[in-house]
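Asks: this is a predicted model, with the sequence first.
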Amino acid sequence: MNKHTLTLATALVTTLTLGVTGCSGGAKSGGSQDHKNPAASTNGAVVGGTPQRGGTLTVLSNQDFTHLDPARNWVMPDMDFGTRLLYRTLVTYKAEPGAKGSELVPDLAEDLGTPSNGAKTWTFRLKPGLKYEDGTPITAQDIKYNVERSFSPDLPGGPDYAARYLVGAKGYQGPARGRHLDSVKTPDARTIVFELHTAFAEFPFAATLPTFAPVPPKQDKGPQYDSRPFSSGPYKIETYARDKQIALVRNPHWDPKSDSVRKAYPDRIVVTMGLKGNQIDDRLIASSGADASAVSWAQLRPESISKVLTKADVKARLLAESSSCTEMVQMHTGRAPFDDLKVRQAVQWALDREAIVTAAGGPAVTDASSAAMPGSLFTGGKQPDTLKIPLSGDPEKAKRLLKEAGKADGFSTRLTVSVNDKAIGEAIQQSLGRAGIKVTIETVDPSAFYDTIGDTRNRTDLVYTGWCPDFPSGTTFLPFVFDGRYIKEKGNSGNHSLFRDDATMKRMDEIAAMTDGTQANKAWQELDGQILAKAPVAPGAMKRRSLLVGTNVAGAYGHTSWSGQIDYATVGLKDPSKSAN
């Protein structure tokens, strides 16, 4: 890497490390860290010791995956599952707990990529002998093909770094009818070159995303590929009944000698879907029979937190790593009445963040948010409070703002939340109601949530959702949540406020062009407050990802780069003979 690339990449990793350190002690909703958070006792550690090879690891889930197709997979837990088990990417993250999990290592590629042309060109060389589940070779052309198919209109919802950075990407519609991107070159089967229209020193971080996994053209079945991605990782799909169960078995052509990250301890991994959240929690708390060899997919229900924290033996099996994600009420800024700044500010002032923290499980697993970006992207690892709004809100100030907007009698609106966040939706409903804003809640199954709110024509005025940085930089947060140039009619991601602000977009371009990493980080932090003043969103909360594992589970930790989800690269069983067949 050239000097600029090394300096900026080092600054980014340092930023994330500071953020993780700042959160690991456990913060109260007001941001104080004057006590040890009982939920964070296993942070930075491996639960259960080193696994033994064999057995069946069961994942108890209340939902199906949003997407497993690597061109569409852009939800943190799904990306963890997909890239650790089913397909490999050019670059990936270390399989270690704590801050070391933010470090990059080569995956399919031999190194982290070679920049040239001022970091506008990136070249990767694949390792020799890589194979798919049927024994056929993995080629650079297959990675190029998946990058290209990520542009296909019938495959919405996936990471769009390629669309934002590749030369000639504007207007490209995918590889149908033999159309290809000249800016992705494959001079031979093991070499791939990306030509960007602007310098992008963080490109190796982007290369960890599923977009940069291989898909052989002969196996591609368009939208149906979601149900049967072809494996380049340690496991392949044996069966997949949507919304019911997916079973993975070993890929005999995966070579552990080529893979320094994935350990592939279990013989089988079975995800059982459609379970009730409380049912999952109770089964894992009891940890009897086959459930001793199980882990949870979704976070603990708020009412289960006290059951776990009051029992030392159960608390020892709790993972509650900071998710490094922020959740917020996003308002449809292109639709009345939320096209009025005063109305949006009224929502910010009416929102009771203390009630959201309580609804999400309390301060042991949730902090109130005061910014758009997470604390890990701010100097010192702590969010600033630029709006100076009380945590419990100020309904009288909200009413005055509504009166100034000509809405003295209030108005009615609708809010979409995931089923998992119904209690949070009710807290939002009650707090906005104090100011005269009558909210009707619409709940959506988690697996369909992002597709639902990504339909910009048919979605509700309000959505409660979050964003997680794909890597430790404001580059991967504010532009994805607030840049109006990348709003899509279907499969819209990140910018669910549909915020289009010329001054904001101009400033984003200026920051992206900065060559000093420290200067850029400071500028992103300042822009965060400037955006909040324009009120496209109301900050809500930051959650720890609270996951419980069974007593026979080993090698478990919440991975910082996967928003605290269990790292499926290393998890397994203490005694495989005690697991289900």
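Replies: The structure has been received and is ready for your questions.
Asks: what's the span of stretch 557-567, first residue to last?
Replies: This stretch, stretch 557-567, spans 6 Å end to end (C-alpha to C-alpha, to the nearest Å).
Asks: that stretch - what's its average pLDDT?
Replies: For stretch 557-567, the mean per-residue pLDDT is 96.
Asks: shift numbering so it begins at 374
Replies: Renumbered: residue one is now 374, and that last one reads stretch 930-940.
Asks: flag every buried residue along it.
Replies: Residues Tyr930, Gly931, His932, Thr933, Ser934, Trp935, Ser936, Gly937, Gln938, Ile939, Asp940 are the ones in stretch 930-940 that count as buried (16 or more other C-beta atoms under 10 Å). C-beta coordinates here come from the backbone N, C-alpha and C atoms, glycine included.
Asks: equivalent analysis for stretch 866-876, please.
Replies: With burial defined by 16+ other C-beta under 10 Å, the residues of stretch 866-876 counted as buried are Ser866, Gly867, Asn868, His869, Ser870, Leu871, Phe872, Arg873, Asp874.
Asks: a markdown table please, covering those and showing distance to Glu883.
Replies: A markdown table is the format used below for the buried residues of stretch 866-876 (distance: C-beta to C-beta, whole Å):
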| residue | distance to Glu883 |
| --- | --- |
| Ser866 | 24 |
| Gly867 | 20 |
| Asn868 | 19 |
| His869 | 25 |
| Ser870 | 22 |
| Leu871 | 23 |
| Phe872 | 18 |
| Arg873 | 18 |
| Asp874 | 14 |
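Asks: out of the residues you listed, which comes closest to Ser434?
Replies: Using C-beta to C-beta, Ser866 is the member of the buried residues of stretch 866-876 that lies nearest Ser434, at 22.1 Å.
Asks: make sure that closest one is indeed in a helix.
Replies: No: judged by DSSP: H, G, I helix; E, B strand; the rest coil, Ser866 forms no part of a helix; its state is coil.
Asks: please name the nearest non-neighbouring residue to Pro852.
Replies: Leaving out its chain neighbours, the residue that sits closest to Pro852 by C-beta to C-beta, 6 or more residues apart in numbering is Met881, at 5.2 Å.
Asks: Gly421 now?
Replies: The spatial neighbour of Gly421 that comes closest, neighbours along the chain excluded (C-beta to C-beta, 6+ apart), is Ala927 at 3.5 Å.
Asks: where's that neighbour relative to Ala468, distance?
Replies: In this view, Ala927 and Ala468 are 14 Å apart by C-beta to C-beta, to the nearest Å.
Asks: bridging residues for Ala482?
Replies: For Ala482, the beta-bridge partners are Leu499 (DSSP bridges).
Asks: if I look at the residue nearest the centre of the chain, what pLDDT would I see?
Replies: Compute the mean C-alpha point of the chain, and by C-alpha atoms, centre = their mean the closest residue is Met449, 3.1 Å away. Model confidence at Met449, given as pLDDT, is 94.
Asks: ok, the one 5 residues further on next?
Replies: You'll see Phe454 listed with a pLDDT of 98.
Asks: Leu920 belongs to a helix?
Replies: No: looking at Leu920 with three-state DSSP, it is strand, so not inside a helix.
Asks: which residues does it contact?
Replies: Val668, Ser669, Gln672, Leu673, Leu691, Leu692, Ala693, Gly931, Gly937, Gln938, Ile939 (C-beta atoms under 8 Å, 6 or more residues apart in numbering).
Asks: just the endpoints, please. Distance across stretch 584-603?
Replies: 14 Å.
Asks: ditto for stretch 808-822
Replies: End-to-end distance of stretch 808-822 (C-alpha to C-alpha): 28 Å.
Asks: with stretch 497-512 instead?
Replies: Length of stretch 497-512, first residue to last, C-alpha to C-alpha: 12 Å.
Asks: three-state assignment of Pro912?
Replies: strand.
Asks: contact partners for it?
Replies: Thr699, Met701, Gln721, Arg726, Ala741, Ser742, Ser743, Ala744, Ala745, Leu760, Leu905 are the contacts of Pro912 under C-beta under 8 Å, 6+ apart.
Asks: closest to Ala821 out of those?
Replies: Met701 (20.4 Å).
Asks: sec struct for that closest one, please.
Replies: With three-state DSSP as the basis, the three-state label of Met701 is strand.
Asks: distance of Ser475 relative to Ala468?
Replies: According to C-beta to C-beta, Ser475 stands 12 Å off from Ala468.
Asks: of these two, give the one with the bigger neighbour count.
Replies: Using other C-beta atoms under 10 Å, the more surrounded residue of Ser475 and Ala468 is Ser475, with 25 against 21.
Asks: list the contacts of the closest residue to Trp670 other than its chain neighbours.
Replies: For Trp670, ignoring the flanking residues on the chain, the nearest one in space by C-beta to C-beta, 6+ apart is Ser434 at 3.6 Å. Ser434 is in contact with Val644, Thr645, Met646, Gly647, Leu648, Ile653, Ser669, Trp670, Ala671, counting by C-beta under 8 Å, 6+ apart.
Asks: what's the answer for Met915, then?
Replies: Listed by C-beta under 8 Å, 6+ apart, the contact partners of Met915 are Ser695, Ser696, Cys698, Thr699, Glu700, Thr739, Asp740, Ala741, Ser742, Pro747, Gly748, Gln756.
Asks: helix, strand or coil for it?
Replies: Recorded secondary structure, Met915: strand (three-state DSSP).
Asks: shaky segments in the stretch 824-954 of the chain?
Replies: Counting by pLDDT under 70, the low-confidence segments of the stretch 824-954 of the chain come to 954.
Asks: residue boundaries of the helices in it?
Replies: Counting by DSSP state H, counting those that start in this stretch, the stretch 824-954 of the chain has helices at residues 851-855, 875-885, 890-906.
Asks: what's the first one packed up against?
Replies: In this structure, helix 851-855 packs against helix 875-885, helix 890-906, with contacts taken as 3 or more C-beta pairs under 8 Å, 6 or more residues apart in numbering; DSSP states H and E.
Asks: for Ile826, which of these is the nearest?
Replies: The nearest among these, by C-beta to C-beta, is helix 890-906 at 19.5 Å.
Asks: ok, Met746 touching Trp897?
Replies: Yes: judged on C-beta atoms under 8 Å, Met746 makes contact with Trp897 at a distance of 7.2 Å.
Asks: pLDDT below threshold where in the stretch 624-773 of the chain?
Replies: By pLDDT under 70, the stretch 624-773 of the chain has no low-scoring segment.
Asks: at 90 instead, please
Replies: 650 (pLDDT under 90).
Asks: mind listing the helices for it?
Replies: Under DSSP H, counting those that start in this stretch, the stretch 624-773 of the chain gives helices at 650-659, 678-682, 685-688, 714-723, 726-732, 768-777.
Asks: how about the ones you listed, which one is nearest Gly847?
Replies: Nearest to Gly847, of the helices of the stretch 624-773 of the chain and by C-beta to C-beta, is helix 714-723 at 21.1 Å.
Asks: not counting its own residues, what contacts that closest one?
Replies: Here helix 714-723 makes contact (C-beta under 8 Å, 6+ apart) with 702, 704, 706, 710-711, 760, 762, 766-768, 770-772, 774-775, 777-778, 780, 804-805, 807-808, 810, 835, 905, 907-909, 911-912.
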